[in-house]
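Trainee: A structural model of the following input is requested.
(one chain, ligands or ions: 1)
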Amino acid sequence: MTLVAITREVSPSLERCELTHREQEPIDLALAMDQHRAYERALEALGCRLFRLPGSPDLPDCVFIEDIAVVLDEVAILTRPGAAARRPETPVVGATLETLRPLAEIREPGTLDGGDVLVAGRTLFVGLSTRTNGEGIEQLGRLAEPLGYRVQPAEVDACLHLKSAVTRIAERTLLIQPKWVDAALFEGWQLIKVAPSEPHAANALRVGHAVLYASAYPRTRARIEARGLRVLAVDQSELAKAEGGVTCCSLIFEGQRRRG
Ligand code: GLY
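Mentor: Numbering: from 1, shown residues only. I've put the predicted structure just below:
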């Protein structure tokens, strides 16, 4: 299995990014770029073939490419991000994805951020958040359900995206912050809760059999490793100030799929 990872450069205007739950604070742009390159190298070390898209001074949030598409085995769905300023991020991402998958898209009045879509086998848990609306979820259902997926809406509270609150870290295991999403939705899954002292620690990126994870959360990392999972830690101090996490900075999927 060849994994593809699509990333996008950090914008020189990162400091003008969207902020929902964080106060603005100074960002060291050079360090953010270095940290993002280290993240990309980690993806390559974990076996991903990297496609690196250019950033743009007009797109402060463009490094957070996860929000721009939902890539399934059968189709890549371009989103319509909930933050209007982020909608011009989609064309460049679409141009790359259409070489790898048939394309579909979320249309007005729907809004959907990829950070709200947790792909868990044939179930798509979708956050009802400040970025993703009911119409966006319904459109996703109309695109994905004929392909055999079940769409399960999930209300999120006090965080930006569903994947701020819960991510998949192994075949049947989720990492969760139960204060931000109802854990009862994930019946049948093994759940690892974040350490109480690390409320923001639920965002982890599964890459093959490993987990790419922010170095800021050692106590939760110990909980993950105690389950026998391999964790590779990266420092994301600067992108965290822009309300980004490890899942936000890439689109990862199996590369070899027949075009429809
Ligand atoms: N700054 C990340 C976002 O709000 O989309």
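
Trainee: how about the residues of the stretch 1-150 of the chain near the ligand?
Mentor: Cys17, Glu18, Thr20, Asp61, Phe64, Asp67, Ala83 (CB under 6 Å from any ligand atom). Every residue, glycine included, has its C-beta placed from N, CA and C.

Trainee: Tell me how many other residues surround the first one.
Mentor: Yep, that's Cys17 we're talking about. For Cys17, the count of nearby residues is 24 (other CB atoms under 10 Å).

Trainee: about what we covered before: tell me the one among the residues of the stretch 1-150 of the chain next to the ligand nearest to Arg168.
Mentor: The shortest approach to Arg168 among these belongs to Asp67, at 17.3 Å (CB to CB).

Trainee: Report the contact partners of the closest one.
Mentor: If you count contacts by CB atoms under 8 Å, 6 or more residues apart in numbering, Asp67 has them with Asp61, Thr79, Pro81, Arg86, Glu89, Asp113, Gly114, Gly115, Arg131, His161, Cys248.

Trainee: Also Ser129?
Mentor: Gly82, Asp113, Asp116, Val156, Cys159, Leu160, His161, Leu162.

Trainee: Please dump those into JSON lines; it should also carry secondary structure, pLDDT and neighbour count for every row.
Mentor: Listed next are the contacts of Ser129 as JSON lines, based on DSSP: H, G, I helix; E, B strand; the rest coil; pLDDT from 0 to 100; neighbours: other CB atoms under 10 Å:
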{"residue": "Gly82", "secondary structure": "coil", "pLDDT": "98", "neighbour count": "24"}
{"residue": "Asp113", "secondary structure": "coil", "pLDDT": "99", "neighbour count": "30"}
{"residue": "Asp116", "secondary structure": "helix", "pLDDT": "99", "neighbour count": "32"}
{"residue": "Val156", "secondary structure": "strand", "pLDDT": "97", "neighbour count": "24"}
{"residue": "Cys159", "secondary structure": "coil", "pLDDT": "98", "neighbour count": "25"}
{"residue": "Leu160", "secondary structure": "coil", "pLDDT": "98", "neighbour count": "28"}
{"residue": "His161", "secondary structure": "coil", "pLDDT": "98", "neighbour count": "30"}
{"residue": "Leu162", "secondary structure": "helix", "pLDDT": "98", "neighbour count": "27"}
